[in-house]
Structure formats: C-alpha cells, structure tokens
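S.K.: Coordinates only, no sequence provided:
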C-alpha cells in the first residue's frame, strides 16, 4: 500500500532514535504494548458479551379474537 522498503524503514528508525533517544524507546514500546493488550482484552470482552447474550424470542402480537 505505502511501498515501504528497507531504506525508508531505516530512516524512520533513525528519526525515532533522534526524537526520543535510546533510553526512552523501551518505555515507549512498553506503553504501546500495554495499549495493544488493553485493546485486545476489550475486543474479546465485547465478543464474549455478544455471543453469550441469549436472544429473546420476538413476541408476536395477539391475533384478533384470541386471548
């Protein structure tokens, strides 16, 4: 889609190193990892809630003349 090759990836890594410094990168990656973990947990919780919720049968209106 974007066509990122090896030179582009190397340039991105160098820019990240310059911006954040070598000491901040592990903290940054740890934060990103926690965010991804929370996102996955939330999506699995939602999937469980959707699949485990029993569907209520649709109530049919009473036909005229029957009680």
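M.R.: Received it, and whenever you're ready, just let me know what you need. These numbers come from a predicted model, not from an experiment.

S.K.: State the helix or strand in which the residue positioned nearest the centre of the chain lies.
M.R.: Residue closest to the mean C-alpha point of the chain, counted by Cα atoms, centre = their mean, is residue 39 at 4.2 Å. Following DSSP states H and E, one finds residue 39 within helix 24-52.

S.K.: returning to that earlier point: any idea how far residue 29 is from the residue nearest to the centre of the chain?
M.R.: Distance, residue 39 to residue 29, using Cβ to Cβ, to the nearest Å: 15 Å. Just so you know, the C-beta spots here come from the backbone N, C-alpha and C atoms, and that holds for glycine as well.

S.K.: repeat for residue 23
M.R.: Separation of residue 23 from residue 29 (Cβ to Cβ): 12 Å.

S.K.: quick one, which of these two is more surrounded?
M.R.: residue 29 (10 against 7; other Cβ atoms under 10 Å).

S.K.: Count the neighbours of residue 40 for me.
M.R.: With other Cβ under 10 Å as criterion, residue 40 counts 10.

S.K.: How about residue 45?
M.R.: Residue 45 has 10 nearby residues by other Cβ under 10 Å.

S.K.: Next one: it from residue 13, what distance?
M.R.: Distance from residue 45 to residue 13, by Cβ to Cβ: 34 Å.

S.K.: try residue 51
M.R.: Per Cβ to Cβ, residue 51 is found 41 Å from residue 13.

S.K.: Looking at these two, which one has more neighbours?
M.R.: residue 13 (11 against 7).

S.K.: can you tell me the helix or strand for the more buried one?
M.R.: helix 6-20.

S.K.: and the angle for that helix with helix 24-52?
M.R.: 110 degrees (axes from the mean of the first three to the mean of the last three Cα atoms, to 10 degrees).
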